[in-house]
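**Student:** Only the shape, not the letters, is given here:
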């Protein structure tokens, strides 16, 4: 099979899935492809270009098709849906948020931002507010997933954790977490509710025309 950019990126995504971002090296990628590392540089000149290509591939899986809000759809609801799609794209691969946050000049992220901002402007939101709203939603989403994808402590790391003392010192935090995660609620609900606060607050600052 001839070596081309598409094949290299597909194998890089597979390597990401197997070993995470820290495991994605040109040496390992070249070995998987059965070539020498310098051969990759004909298609992707450096690690930064490789990371950006992986980001494009990850986002492209979820954002092959994009469209503005329908005539009867609130832009707030549409923007929540766009952010949920972004989160799904990032969660679909280990370190997806790290990949996208470090990518340089991602055309797919630019296309998402363009659609978001232009859709809000079309609904009467000023360009300034549309920019702030869309960038805030995007950065909140990436940051939220960055936290979700941080490796959790191993079981023995918590063996000496004193939950009783922690609860005594932070009773409201423990009560809030306990109250929130009642049976049936998930981390997806938490993301959406946080996102609604961000967007509804943005709606207020954008003015009555929105």
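**Tutor:** Good, I have the coordinates. Remember, predicted model here, so these are calculated numbers, not experimental data.
**Student:** quick one: the helices in this protein?
**Tutor:** Along the chain, counting by DSSP state H, helices occupy 5-19, 26-33, 37-40, 47-62, 75-91, 96-102, 107-122, 127-148, 163-169, 171-180, 187-206.
**Student:** Any stretches of this protein with poor pLDDT?
**Tutor:** Low-confidence segments of the chain (pLDDT under 70): 1, 155, 203-210.
**Student:** Could you rerun that using 80?
**Tutor:** The model of the chain has pLDDT under 80 over residues 1-2, 152-159, 201-210.
**Student:** Show the end-to-end separation of stretch 118-127, please.
**Tutor:** Chord length of stretch 118-127, first to last residue, is 8 Å (Cα to Cα, to the nearest Å).
**Student:** List the buried residues in that stretch.
**Tutor:** 119-120, 123, 125 (16 or more other Cβ atoms under 10 Å). Glycine gets a C-beta too; all of them are placed from N, C-alpha and C.
**Student:** got it, and stretch 79-87?
**Tutor:** Of all the residues in stretch 79-87, those buried under the rule 16+ other Cβ under 10 Å are 79-80, 82-87.
**Student:** As CSV, these with distance to residue 18 would be great.
**Tutor:** Formatted as CSV, the buried residues of stretch 79-87 follow (distance: Cβ to Cβ, whole Å):
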residue, distance to residue 18
79, 34
80, 33
82, 30
83, 28
84, 27
85, 25
86, 24
87, 22
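**Student:** and of these, the nearest to residue 137?
**Tutor:** If you rank the buried residues of stretch 79-87 by distance to residue 137 using Cβ to Cβ, residue 83 comes first, at 5.2 Å.
**Student:** want to throw the helices of the chain into CSV with distance to residue 157?
**Tutor:** Shown next, in CSV, are the helices of the chain (distance: least, Cβ to Cβ, whole Å):
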stretch, distance to residue 157
helix 5-19, 22
helix 26-33, 28
helix 37-40, 36
helix 47-62, 30
helix 75-91, 24
helix 96-102, 22
helix 107-122, 35
helix 127-148, 18
helix 163-169, 14
helix 171-180, 19
helix 187-206, 21
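**Student:** so of those helices, which one's packed in deepest?
**Tutor:** Burial of the helices of the chain is given as mean neighbour count (mean count of other Cβ atoms under 10 Å); helix 96-102 ranks first at a mean of 23.
**Student:** ok now that one, how far from the chain's centre?
**Tutor:** Distance of helix 96-102 from its chain centroid, counting by Cα atoms, centre = their mean, to the nearest Å, is 7 Å.
**Student:** And stretch 148-159, by the same measure?
**Tutor:** Mean C-alpha position of stretch 148-159 versus that of the full chain (Cα atoms, centre = their mean) differs by 21 Å.
**Student:** That stretch: which residues count as buried?
**Tutor:** residue 149.
**Student:** What's the end-to-end length of it?
**Tutor:** End to end - Cα to Cα - stretch 148-159 spans 22 Å.
**Student:** Which residues does it contact?
**Tutor:** The contact list for stretch 148-159 (Cβ atoms under 8 Å, 6 or more residues apart in numbering) reads 90-91, 94-98, 187.
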